[in-house]
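A structural model of the following input is requested.
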Amino acid sequence: MDIIIRNSGDTPIYDQITRQIKGYILSGTLAEGEALPSMRALARDLRISVITTKRAYEELEREGFITTVPGKGCFVAARNLELVREDARRRVEDHLIQALDVARSAGISAAEVRQALDILSKEV
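Down below sits the predicted model:
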């Protein structure tokens, strides 16, 4: 599992870790029951604070992506991935509705919004 941290930009490091691990879980790269690196090992590998990795793991556990077994470590939780993807789709739709509302109020056409989305999706 490779996690890439970018120090530039506004995204906090713990959020970068959280997003990438979620991506690995949703894509199947990390399978149900698979162990994650310890918080200390991940912090050492990424050269960041253990507090940062702890926050990322706590967020993942709160959202149900991982479970912690005291004395053994953190593991990918059993989940219905289709339900997770459906929840993500719903959140994307909510954000798109907000973006369209902003666009409408500024006189920006749907075609311009699509063009911006196409450009942004190539950057990700």
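
next up, the contacts around C74.
A35, L36, S38, M39, Y57, L60, E61, I66, T67, T68 (C-beta atoms under 8 Å, 6 or more residues apart in numbering). Quick note: C-beta positions are derived from backbone N, CA and C, even for glycine.

what about the fourth one, neighbour count?
By the criterion of other C-beta atoms under 10 Å, M39 has 20 neighbours.

distance of the closest residue to it other than its chain neighbours from A78?
Closest residue to M39 apart from its sequence neighbours, by C-beta to C-beta, 6 or more residues apart in numbering: T53 at 4.4 Å. T53 sits 23 Å away from A78, going by C-beta to C-beta, to the nearest Å.

neighbour count winner among the two?
T53 (25 against 9).

now that one. Its backbone dihedrals?
Note on T53: backbone dihedrals following degrees, to the nearest 10 are phi -70, psi -40.

can you pull the pLDDT of it?
Per-residue pLDDT puts T53 at 97.

equivalent analysis for the one 10 residues further on, please.
According to the prediction, E63 has pLDDT 88.

that one and G33, how far apart?
18 Å.

report the buried residues of the lengthiest helix in the chain.
For the chain, the helix with the greatest residue count under DSSP state H is helix 81-106. For helix 81-106, the neighbour count (16 or more other C-beta atoms under 10 Å) marks V84 as buried.
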